[in-house]
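[1] Coordinates only, no sequence provided:
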């Protein structure tokens, strides 16, 4: 099913994701903590990338499972490192606690608004990017 979904909607997804990612990249606001801890910057970048491809996939009509698949593939292309990739992927899957689910919902919800603003034309996304940066939870390793 995932491959059929990708095949049917890939031509819509690629330009939307490129447009969104370029705009987000131009206006990105990083959380303050990433200035002190570069690995946290990679995590934040990965979270933003994952959420952007996932939400772009949903906007073009793909199934959530396809969105997650494409997001995992996109994160793999960035070669962020095994630990960072694991943190990013686990943020949006598994969701062992209500708190983890709420954080994933917050992140995806904000990025959904950003993707919709960009897909509908030009609109202000800076305040949403600021909210994402302010809401970032630093990754923890055990």
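    That came through, no problem. All of these numbers come straight from a predicted model, not from anything done at the bench.
[2] the longest helix in the chain is where?
    The single longest helix within the chain, with elements called by DSSP state H, is helix 2-27.
[3] Just the buried residues of that helix, please?
    5-6, 9, 12-13, 16-17, 20-21, 23-24 (16 or more other C-beta atoms under 10 Å). Just so you know, the C-beta spots here come from the backbone N, C-alpha and C atoms, and that holds for glycine as well.
[4] Name the residue closest to the centre of the protein, please.
    By C-alpha atoms, centre = their mean, the mean C-alpha position of the chain lies nearest to residue 51, the distance being 1.8 Å.
[5] so which strand or helix has the closest residue in space to it that isn't next to it in sequence?
    What sits nearest to residue 51 in space, not counting adjacent residues and going by C-beta to C-beta, 6 or more residues apart in numbering, is residue 111, at 3.8 Å. In this structure, residue 111 sits in helix 98-119 according to DSSP states H and E.
[6] counting contacts, what elements does that helix pack onto?
    Here helix 98-119 touches helix 2-27, helix 38-59, helix 82-92, helix 126-135, going by 3 or more C-beta pairs under 8 Å, 6 or more residues apart in numbering; DSSP states H and E.
[7] Fine, thanks again, bye for now.
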